[in-house]
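S.K.: Please find the sequence and the predicted model below.
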Amino acid sequence: MGFFDDLKKTVTNAFNSATTPSNTVREIVFSDIPTSVEQMQALPYGDLKDPFAVAALCVCALCLFPTQQETSVAMMNYLKGPDPFTPADIAFVKDRFRDNKEYKPRSYFNGATPDNNYMPSSPYTIKVTENPYSRDGGEGYLTLWLTSGGADSMRNITLRNKPSTGQWFVFSDSYRGLLADIRIPKCQDAWA
């Protein structure tokens with residue numbers, strides 16, 4: 001047996017003996033996008049006890065920012081709990097929407113792609129994934145991943161649990177990854 005035969009046997013045995021934990025994927029469905037904190041709270045998961053729903057609600061709140069900034073900020077304050085949205089957060093979000101990039105959060109809804117200018121169809125569905133490493137941030141922290149129709153890789157958001165209430169809140173500025181650049185919509189693409 002040669003070197004590569006031994007190597008192949010070792011790699012194959014290691015691969016076969018390894019257990020690969022699976023991802024947990026949940027789809028959060030909205031018949032309509034909440035447009036106020038009260039509407040958000042009235043949803044079945046508006047109590048913020050479902051971390052997957054909290055991640056999806058963050059996308060909804062960010063969708064409102066370009067047209068209803070005060071409402072969006074109020075919704076983000078609700079989702080961030082004891083860690084409010086700061087003036088620096090507001091400036092960051094404004095910057096990410098500059099140059100007609102309000103489509104970024106819409107890209108997380110199923111069916112929203114550059115070809116349809118990131119316009120999802122109803123019911124509005126967001127796929128949220130927990131992977132085997134989502135809980136590596138320590139007890140009480142959970143990093144979830146969302147799929148964007150305009151990006152090649154998923155984007156993450158970290159949530160923190162408040163044990164006294166059982167609620168999950170958007171942790172610090174982890175929502176920022178949801179606003180990273182993606183492919184531009186067809187209507188803005190001069191080469192389309």
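M.R.: It's in. Worth saying up front: this structure is predicted, and the values here are computed from it rather than measured.

S.K.: Give me the next element, helix or strand, following the helix or strand bottoming out on mean pLDDT in the chain.
M.R.: Within the chain, confidence by mean pLDDT, DSSP states H and E is lowest for helix 3-17 among all helices and strands, at a mean of 56. Beyond helix 3-17 on the C-terminal side, the first helix or strand identified by DSSP states H and E is strand 24-30.

S.K.: which other helices and strands contact that next one?
M.R.: Packed against strand 24-30 by the contact rule (3 or more C-beta pairs under 8 Å, 6 or more residues apart in numbering; DSSP states H and E) you find helix 51-64, strand 124-130. Just so you know, the C-beta spots here come from the backbone N, C-alpha and C atoms, and that holds for glycine as well.

S.K.: just these: most buried one?
M.R.: Mean neighbour count (mean count of other C-beta atoms under 10 Å) peaks for helix 51-64 among the helices and strands packed on strand 24-30, with a mean of 25.

S.K.: helices or strands next to that one in the packing?
M.R.: In this structure, helix 51-64 makes packing contacts with strand 24-30, helix 37-42, helix 69-80, strand 124-130, strand 141-146, strand 155-162, strand 167-170, judged by 3+ C-beta pairs under 8 Å, 6+ apart.

S.K.: Report the inter-axis angle for that helix versus strand 141-146.
M.R.: Helix 51-64 runs at 60 degrees relative to strand 141-146, counting by axes from the mean of the first three to the mean of the last three C-alpha atoms, to 10 degrees.

S.K.: Which secondary structure element is home to F85?
M.R.: Per DSSP H and E: nothing holds F85, as it lies in no helix or strand.
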